[in-house]
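**Q** would you be able to build a 3D model of this:
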Amino acid sequence: MYEAFVPKEIFLTKGIGRHKEKLASFEEALRDAKIASFNLVPVSSIFPPGCKTVPISKGLQELHPGQILHCVISRNTSNEYRRLISASVGLAIPKEGKKTHGYISEHHSFGETDKQAGDYAEDLAALMLSTTLGIEFDNNTTWDQKEEIWKMSGKIVRTTNITQSAICVEGLWTTVVAAAVFVK
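**A** Next comes the predicted model:
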């Protein structure tokens, strides 16, 4: 019988790359994030039940160059001088994390700082999770009101993000990446 691959560990990573060639700047960003030696397969937004977040150093010990890695990845690229770019991955884990899945969101933007992009990605993951947990609110609800509703519900235990932003320099492509990488 076929046994489904449900990851048990995940790590978060980020990187920045600059190069005169667009593709090479992406490669440099993956190198900075320490995931350039793997075959990356982008997947959608589910944080598996029972999955644990581990430090990148522990996650990398489990991997081998050339290995196929599933990941939720956000990337942004520009060569527009002084343009601020960002890439972020947000994570929302439910209180019943061993039984219920969480959410991972990816967000990439222009003109947002690490904090702005990271907060947005984290909020987006929490929003997606809250709707599956039956936590409802009006579309006009402010972030502070949403956060209070989530806290009061007791259903969302933790949110976090990893974000990379950069300002483009003259004559070079700049790429930023943020990723949630499934280990095993």
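
**Q** for the chain, which residue occupies the most central location?
**A** For the chain, the residue nearest the mean C-alpha position is Val89 (2.0 Å; C-alpha atoms, centre = their mean).

**Q** what is the subsequent helix or strand relative to the helix or strand hosting Ile10?
**A** According to DSSP states H and E, Ile10 maps onto strand 9-19. Reading on from strand 9-19 to the C-terminus, the next helix or strand found by DSSP H and E is helix 22-32.

**Q** between strand 9-19 and the longest helix along the chain, find me the angle.
**A** Assignment by DSSP state H gives helix 114-132 as the longest helix of the chain. In this structure, helix 114-132 runs at an angle of 140 degrees to strand 9-19, with axes from the mean of the first three to the mean of the last three C-alpha atoms, to 10 degrees as the basis.

**Q** for the nearest residue to the residue nearest to the centre of the chain once chain neighbours are set aside, helix, strand, or coil?
**A** Nearest residue to Val89, sequence neighbours excluded (C-beta to C-beta, 6 or more residues apart in numbering): Ala178, at 4.6 Å. Any C-beta I mention is one placed from the backbone N, CA and C, and that applies to glycine too. At Ala178 the chain is in strand, as set by DSSP: H, G, I helix; E, B strand; the rest coil.

**Q** where do the helices of the chain begin and end?
**A** Going by DSSP H, the chain shows helices at 22-32, 56-61, 114-132, 143-153.

**Q** out of the ones you listed, nearest to Leu84?
**A** Taking C-beta to C-beta, helix 114-132 is the member of those nearest to Leu84, at 9.7 Å.

**Q** how about the closest one: buried residues?
**A** Taking 16 or more other C-beta atoms under 10 Å as the neighbour-count basis, helix 114-132 is seen to contain the buried residues 114, 116-130.

**Q** which secondary structure elements does it contact?
**A** In this structure, helix 114-132 packs against strand 84-94, strand 102-110, helix 143-153, strand 156-167, with contacts taken as 3 or more C-beta pairs under 8 Å, 6 or more residues apart in numbering; DSSP states H and E.

**Q** and the angle from the last one to strand 84-94?
**A** Which is strand 156-167. Between strand 156-167 and strand 84-94, the angle comes out at 170 degrees (the same axes, to 10 degrees).

**Q** partners of strand 156-167, with directions?
**A** Next to strand 156-167 in the sheet, as set by DSSP bridges, lie strand 84-94 (antiparallel).

**Q** no further queries at this time; thank you.
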